[in-house]
Each structure stands twice: as C-alpha cells, then as structure tokens.
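**Q** Structure for this input, please:
(3 chains)
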Amino acid sequence: MHAKTEKAQIRVTRSSSAYWRVMFDNPPLNVMGPQFVREMREIIAAVEADEEVKVLVFESAVDGFFLNHSDFYADMKDLTSMPQGPTGLEAWPDILVRLTRAPVVSIALIRGRATGNGSEIALACDMSFASREKTLLSQWEVGVGLVAGGGPMARLPRQMGRQRALEVLLSSNDIGGDLAEAYGYVNRSLPDGELDGFVDALAKRIASFDKWAIANTKRLVSAASLPQDVEIAAGWDACMASIARPAAQGKIKALFELGFHKPGDAEDRLGFYVGQLGQAG
Amino acid sequence: MHAKTEKAQIRVTRSSSAYWRVMFDNPPLNVMGPQFVREMREIIAAVEADEEVKVLVFESAVDGFFLNHSDFYADMKDLTSMPQGPTGLEAWPDILVRLTRAPVVSIALIRGRATGNGSEIALACDMSFASREKTLLSQWEVGVGLVAGGGPMARLPRQMGRQRALEVLLSSNDIGGDLAEAYGYVNRSLPDGELDGFVDALAKRIASFDKWAIANTKRLVSAASLPQDVEIAAGWDACMASIARPAAQGKIKALFELGFHKPGDAEDRLGFYVGQLGQAG
Amino acid sequence: MHAKTEKAQIRVTRSSSAYWRVMFDNPPLNVMGPQFVREMREIIAAVEADEEVKVLVFESAVDGFFLNHSDFYADMKDLTSMPQGPTGLEAWPDILVRLTRAPVVSIALIRGRATGNGSEIALACDMSFASREKTLLSQWEVGVGLVAGGGPMARLPRQMGRQRALEVLLSSNDIGGDLAEAYGYVNRSLPDGELDGFVDALAKRIASFDKWAIANTKRLVSAASLPQDVEIAAGWDACMASIARPAAQGKIKALFELGFHKPGDAEDRLGFYVGQLGQAG
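**A** Residues are numbered from 1 along each chain as shown, chains lettered A, B, ... in the order given. Below is the predicted model:
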C-alpha cells in the first residue's frame, strides 16, 4: 500500500472487509509532503477497486495533530511533477474529489490540529466528528499570504454558509471543537473520551448496511451538494500562483523565525502566530 | 375531500378561510399507503385552486406518530398505477413538489415519529417546528437496503449541508428534537407544552398578511433554494429500483420478524432495530 | 465623501489606510432615504478605487438602530430616478452587489435594530457580528404587504437554509441575538460589552494580511455562494410592484396610525406591531 523504501506515513487497517481505518502517522507534526500524497493516491485507488469496502475512517496516530499544513522542507517539484489524476485535477485535489465521489462512506475522526490539508480532507469526507476539547481546525493560508489549494473556498460556504466560511478563511484563525460544531464545520464535537467509541459504532452500523443503497444515496446527495471540478481546479491554480508571490515568501520566512515547522508554541498556536506577522511579514 | 367508501386518513379543518389545518389520522402507526396519497393529492389540488388560503399546518392525530414509513401490506401497484401529476413526477413526489411551489405557507407541526414519508413531507414544508421531547425524525431507508423516494437526497444537503445530510441518510438513525434543531433539520424544537400554541400563533399571524406578498416572497426564495425536478425524479427512480433488490427484500423480511409494522418496540425504536439486521439481513 | 449641502448620514473614519470604519448616523431612527443611498454609492466607489483598503466595518452611531427600514416621508422618485449602477441594477441593489464582490472584507457590527435595509446590508457583508442583548434583525416587509427589495430572498436561504429563511421572511418578526446566531443569520452574537473589541481585533488582524490573498480567496468563495444578479433584480422588481398595491398602502397607513416612523414603541417593537394590523390593514 506504500512506497517500499520509506516508512509509511499512512497505515491502513481493515477492521473487516467492509470497514477500513486509515491512520495518518508522520510524527512529530503530521505535515503533508509528496510521499503522503502518493500514499493517499494508492489508498483511494484501492478503495475504488474494492467491491466490499463500505466505510473508511480517517484518524491520526500523532498526538496533537490530525493532519497539518504542507511540508515546507519538501521539494515542491516532487508534488507538482505527479501526473494529473483521473479527474484531470492535480494530485492532491484529485484525491479529495475522488474521495467525495467514492461509493463508500468516509468519516473523519478529528483529534488535534487539522490545519490546511487536514481541514481539506475533513471537508472532503462524508462526515466528520471532532474531539470537543482537543480539536483545532483552520484554514491558515490567507494569514501567510497564500490561497488554500484543496477546495475549502468551494466546500465551506456550501456547508456553513457564505459568512461563516469567509470568517474561517479570511481570519485564518484556529477554531476549537465548540465553534466548529456551532458553525457546522463538523457534524458534531464530542467529549474526547466518547469520540472513538461513537465513531466506531457508527462505522460498524453503516458497514452492516447494503453497499448499493449507500452508494446510490450518496450519489444523489452529491448531485445536490458537490461543487463542479472547475471550482476545485480554480482554487488549486490560485494556490499555486500565491506560493510564488513575495508576500507569501516573506510571511512564511517570518513565521519560520518564530518557530514554524518545529514542535512547540508556533505550531500549537498557529492561529495566534500568523496574526503576529504584520504588514512587513 | 376523500374517497367515499373509506374512512378518511387525512382530515382538513378550516380554522378560517385563510388558515387550514391538515391532520394525519391513520392509527395506530400512521403508515402511508395509496389511500393516503390519493387524499393528499386532492388536498393539494384544493389548496392550489383556493384563492383565500394562505397557511397550511400539517399535524398528526395519532399519538406517537407524525407520519411514518410506507404501508408494506399495501399493493405497490395501487401506488405505481396512479397517473403522473402535473409536474410530470409520480404521485408522491408530485405532491411534495407542488407543496413546495404552492402560493401558500406550509408548516409542519411535528410530534412523534416522522420517518421516511413523514420526514419527506416535513422537508417539503416551508417551515417545521418539532416537539423537543416527543420527536423522532429519520430517513431509515438505507438501513433496510432502500433509497428514499420523496426527495431527501435533494433537500437535506441544501438545508443542513452535505455532511450532516449524509449522516442522516447513511446512518438511518432516529434523530431527536435537540439534534434536529442543532442540525437545522427543523426550524426549531420547542418544549412539547409550548409547541401547539407557538405554531397556532405563527399561523394566525401569517394568515393576517397579504397573500400576494407571501406568494411572491416565497416564489423568490424558491428560485434560490429548490432543487430542479429532475433531481427529485432521479431519487424516486432509485427508490423504485431499490425495492426490487434482494438486499432490501431480505432486510425488510428480517425486520418484520423483529416486530416491524406492529405497535411496539420495533416501531418505537426503529433506528435501533435497523442497526440489528446485520449483513445477512 | 458626501453631498456638500446636507449633513452627512454616513461617516467614514480611516483607522488606517487598510482599515476603514463606516458609521451610519441618521438619528433618531436611522431610516434610509435617497441621501443615504447616494452617500453609500460614493463610499463603494471609493472602496473599489482604493488600492490599500482591505477591511470595512459597518456600524451605527444611533442608539438602538443599526440601520432601519426606508424613509417613508422621502419622495420615491428621488430614489428611482438615480441611474442604474455598473452592475446594471438599480441603485440600492447595485451597492449591495458591489459590496459582495469588492476585493476587501466587509464586516457588519450590529447593535440595535437592523430591519429591512439594515438586514440587507448585513447579509451583503462578508461577515456579521451582533450584540447578543441589543440586536433585532428583521425582514418586516411581508407584514406590511411588501416584498423586500435588497436581496434577502436570494441570500437568506443560501446562508441558513430554505425553511429558516422562509420563517424570517414570512413571519416578518423581530429576531434577537440568540436566535440570529442559532439560525446563522449572523456569524456570532457576542455579549454587548465584548462586541466592539472583538470586531476591532478581527479587523486589525485581517488588515495585516495580504490584499491579493484576501481578494482571491473571497473571489472563489463568491463563485460558490453568491446568487446571480438576475435573482437580485427579480427581487427588486417584485418590491417595486408591491409598493404600489392597495394592500401595502393600507397596511402602512394603519401602521402610521400606531406610531410608525416616530421614536417609540411601534419602532422599538415593530415585529409585534405588524402582527396587529389585521386583514383589513
């Protein structure tokens, strides 16, 4: 399921033939680089090819981080050189779009920081449940001069309305479990001690249902709720354009100087720190 | 207003020429069969033809059940042989779509179980208010291998967002008054003792307003919020296809063995029971 | 920024080149007449032409009224004779649509009554935060036989779903801070003593971000969430048609007899009073 010469960053466990658990495991910060994207692409292909799987649960093996921003030490070319996927989109948005259309139910079990990519995959899942105490969701991109690349401009307003979506994106702030639930950023936030049991019971319940009925019901909900691919593509293109701009380069450099990309306060309170960069950042 | 040789399953009371109350009355479980559909069709036609009616309130005369799943003892042919309605849709979705477009305000007063058809008519109403303590809303279909036929795949995601809509449909679970309100499944849940007075006061208030202003305001909201009929038709077709499949036949047979369609625990806790059918159901 | 021979009804203060505060100041009731529209039009043009502004905060200088219904003492011709704006829409909807598309962030800081125009501008802003204790939002139009003209039929259902939008519009009732937050009518309601500080901190935070990233992120959210202009135009046309009808003329005359348009109970509890007009109003 993963490249042979590297330690896997994603682990897939089959609770049953119908119920797979997908665990993000790239300590210490669960940042997302090209290897993660390659592994996810293989997992999506395996899901699409499997006739028995009905439920995927995405979760994290890394304390404090569900899935985090991109790996800024990675070579961008390793990502941008990947071939476009079957949707015609670039690798990461292709994975997310295929997840939204797959004839299985995907559930995000969110504990810890879900920033950038982590928020994007949660929004591409069919449902999401968060630890009330231990969740921080955010789209931090505007705070460092970037535009998000994995579809939140298309998905957030459809899920929570225009005004709350604009607040999430333009404030670039960290959003805890209570507010995430109030805004409909997630289905529900649950007390941390109840979250795993709740999601496992729900996953097993749905895994006992008929795959054809699941797939056709989801297909019709998708017709009513998914953005067209061209919107996702436009977001990706704006993201790529933003990375090259001096504003973003300066902001990210300033953030590195504050401790970005290392375990510690800057990663733990990223929303606060992007508010400290100032105009000159 | 109803077929002459049968006891009516729906009773219409005119509080005034502008304010009609429509009461579902098919004890003991308020299941919906062909007779109910025929009566509803006549009521919708009467509403469309009346120049004075401004407000409809839908409620139940049956303790514990607002409006329930279909009558599985009825002959499906009595339903499917009904002519298509003026929208070109089959009888039940035609009624629901006409209700969403009628130049009057429809309000669901929900007390008791609103499963399948009951949820669908509530979603086709212009507003819905639920008893906080005594409401159970559900789309139970996927739990027995079916696809819902009255439009919830089209309506739920537009009302509560994709992720919560998918949870309602794919979990097939019972949803009480508090969660229904939090998800926006209903406008509001009220303490049971306050519900009737609240809805009656709101209905009388709107009935004192100008019909032209009501109708034109609703028309413009509909332009912004109603699905196209083709989405409703696609849902109905998927429902019809699902009924014939062995998966659904087996699940429903197993559910009958647990007490389905009889007053008692299986009907009272239907969400729990569809989770007990298992793969082999 | 405003007509030379009249006291300005709107005051613009630049906290910085990037952060402007726009204050509605037409005591005692903050009603909206032609002069207000002309001043707003100039402000929008100034925002569009400025290369540095990133954040607008709209607030009120008038105790108890954020922005109120139209001025019924004004000559309608002073409004309808204004030329159509760059969008091809009439003056007021043109201003609102341009606000939704401007490459800056607009935030409504709501304290007091936001009825009709006040609700419409709040909905056209990118975010809105309300005083929990001191806010009354409403679209009162249907209650006096009118159709709203500034877009709420298009915007409300996209923001809060069809059923809650229909309740707001067809009940024509006053909605306080708690319900406004629960329905997603505003982003959040805050304790009155915290509101100003919260909005100021958020505005300063966003004003420190990069304008290109703000503008492009908003542009993509708009693609996912804004109605087409034709929907806004249809609402305006229905509003104009409604004003001329005897039903509206009679209701408004009856409301004047109850104290409308004067400081006092009828303006303070407008939602209650429109419910007292009756059929003959």
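**Q** all contacts plus neighbour counts: C-alpha atoms, from now on.
**A** OK.
**Q** secondary structure class for A:Arg11?
**A** Per DSSP: H, G, I helix; E, B strand; the rest coil, the local secondary structure of A:Arg11 is strand.
**Q** how about stretch A:194-202, does it reach chain B?
**A** Yes: against chain B, stretch A:194-202 shows contacts by C-alpha under 8 Å from any C-alpha of the partner chain at A:Leu202.
**Q** Ok, stretch A:50-59 next?
**A** No: using C-alpha under 8 Å from any C-alpha, stretch A:50-59 stays clear of chain B, with a minimum separation of 10.7 Å.
**Q** Who does whatever residue of the stretch 1-150 of chain A ends up closest to chain B form a beta bridge with?
**A** In the stretch 1-150 of chain A, the residue found nearest to chain B is A:Met127; the distance is 4.7 Å by C-alpha to the nearest C-alpha. Taking DSSP bridges, one obtains A:Ile107 as the residues bridged to A:Met127.
**Q** And the one 4 residues further on, by the same measure?
**A** Going by DSSP bridges, A:Ser131 is paired in beta bridges with A:Leu190.
**Q** Verify the stated contact: A:Glu267 with A:Leu255.
**A** No: in this structure A:Glu267 lies outside contact range of A:Leu255 using C-alpha atoms under 8 Å: 10.0 Å.
**Q** returning to that earlier point: the residue of the stretch 1-150 of chain A closest to chain B and A:Val186 touch, don't they?
**A** Yes: with contact defined as C-alpha under 8 Å, A:Met127 reaches A:Val186; the gap is 7.3 Å.
**Q** Overlap of the contact sets of the two?
**A** Counting by C-alpha atoms under 8 Å, 6 or more residues apart in numbering or on different chains, the contacts common to A:Met127 and A:Val186 are B:Gln163.
**Q** Compare those two and say which is more crowded by neighbours.
**A** A:Val186 (27 against 23; other C-alpha atoms under 10 Å in any protein chain shown).
**Q** Which parts of chain A are strands?
**A** A:10-16, A:19-24, A:55-60, A:65-67, A:105-115, A:127-138, A:175-176, A:188-190 (DSSP state E).
**Q** Does the second one reach chain B?
**A** No: using C-alpha under 8 Å from any C-alpha, no contact is recorded between strand A:19-24 and chain B, whose separation bottoms out at 12.6 Å.
**Q** tell me the angle that strand makes with strand A:10-16.
**A** Here strand A:19-24 runs at an angle of 160 degrees relative to strand A:10-16 (axes from the mean of the first three to the mean of the last three C-alpha atoms, to 10 degrees).
**Q** Does strand A:19-24 pack against any helices or strands, and if so which?
**A** The contact analysis (3 or more C-alpha pairs under 8 Å, 6 or more residues apart in numbering or on different chains; DSSP states H and E) places strand A:19-24 against strand A:10-16, strand A:55-60, helix A:192-207.
**Q** run the last query once more with 6 Å
**A** Packed against strand A:19-24 by the contact rule (3 or more C-alpha pairs under 6 Å, 6 or more residues apart in numbering or on different chains; DSSP states H and E) you find strand A:10-16, strand A:55-60.
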